[in-house]
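Peer 1: Can you look at this prediction? I've put the sequence above it.
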Amino acid sequence: MRVLCSWATAVACCAGLAHPAEASAAPDFSALWDLVDRSAASAPLQSWKVEQLLSTQMLWMDRMSDGSMFGDGDWQEWRGGPIAVSPGVTLSGVLVYDRDGAWWTTVYHVESTSCVSPESIRARYPEAEKTPLDMDSDPSAEAWALRRPAVRVSLGVQGQPQCLKSVIFVPPKRDK
């Protein structure tokens, strides 16, 4: 019987109907982590730098003046996406905000066919610090914060199970 099972497995693998045991290993998020690291190293992440990093075009959306939802200042917004990062990982949207001519924040909205869990984040970034997110709509939301020389990176997870939904890049210090 054991020989028959081995033979059936071999035939199924060759026919593409089954995969060897190593194929069922943990998902590979290396392209995502590489993008996060390259983005952090490229900060400040103005729209033109994001265009280069992601090989995409960012579209200028709006100029918002004093009293906008972001507060006082001259705000500009660019949008891009969707962008395939790797098989199964997509940036469904990319936002870049400038305030008074200076880079303010960049947001990558992440969609993945396999959950990028907090454990996956901690495995890649053991120095990441857990921080709560104030989201009334999802009390499970939290972020894993990284400090880099030119940027703070926030890896936002939410849902059940908790999965990566956003990567937010902001300058280390901002005037309020």
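Peer 2: Looks like it arrived, so ask away.
Peer 1: what element comes up after the strand or helix carrying V94 heading to the C-terminus?
Peer 2: Of the helices and strands defined by DSSP states H and E, V94 is found in strand 89-99. Downstream of strand 89-99, the next assigned helix or strand under DSSP H and E is strand 102-112.
Peer 1: and the helix or strand just after that next one, which residues are buried?
Peer 2: Downstream of strand 102-112, the next assigned helix or strand under DSSP H and E is helix 118-124. Residues of helix 118-124 classed as buried by neighbour count (16 or more other Cβ atoms under 10 Å): P118, S120, I121, R124. C-beta here means a position set from N, CA and C on the backbone, and glycine is covered the same way.
Peer 1: pLDDT for these - can I get that in TSV?
Peer 2: Written out in TSV, the entries for the buried residues of helix 118-124 read as follows (pLDDT from 0 to 100):
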residue	pLDDT
P118	96
S120	96
I121	97
R124	97
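Peer 1: just curious, which of those residues is nearest to D62?
Peer 2: Compare each of these with D62 using Cβ to Cβ and the shortest gap goes to I121, at 31.9 Å.
Peer 1: Find the nearest non-adjacent residue to the closest one, please.
Peer 2: Of all residues beyond its chain neighbours, the one nearest I121 is W144 (4.8 Å), with distances taken as Cβ to Cβ, 6 or more residues apart in numbering.
Peer 1: sorry, back to before: which one of the buried residues of helix 118-124 sits closest to W75?
Peer 2: Checking the buried residues of helix 118-124 against W75 by Cβ to Cβ gives I121 as the nearest, at 29.8 Å.
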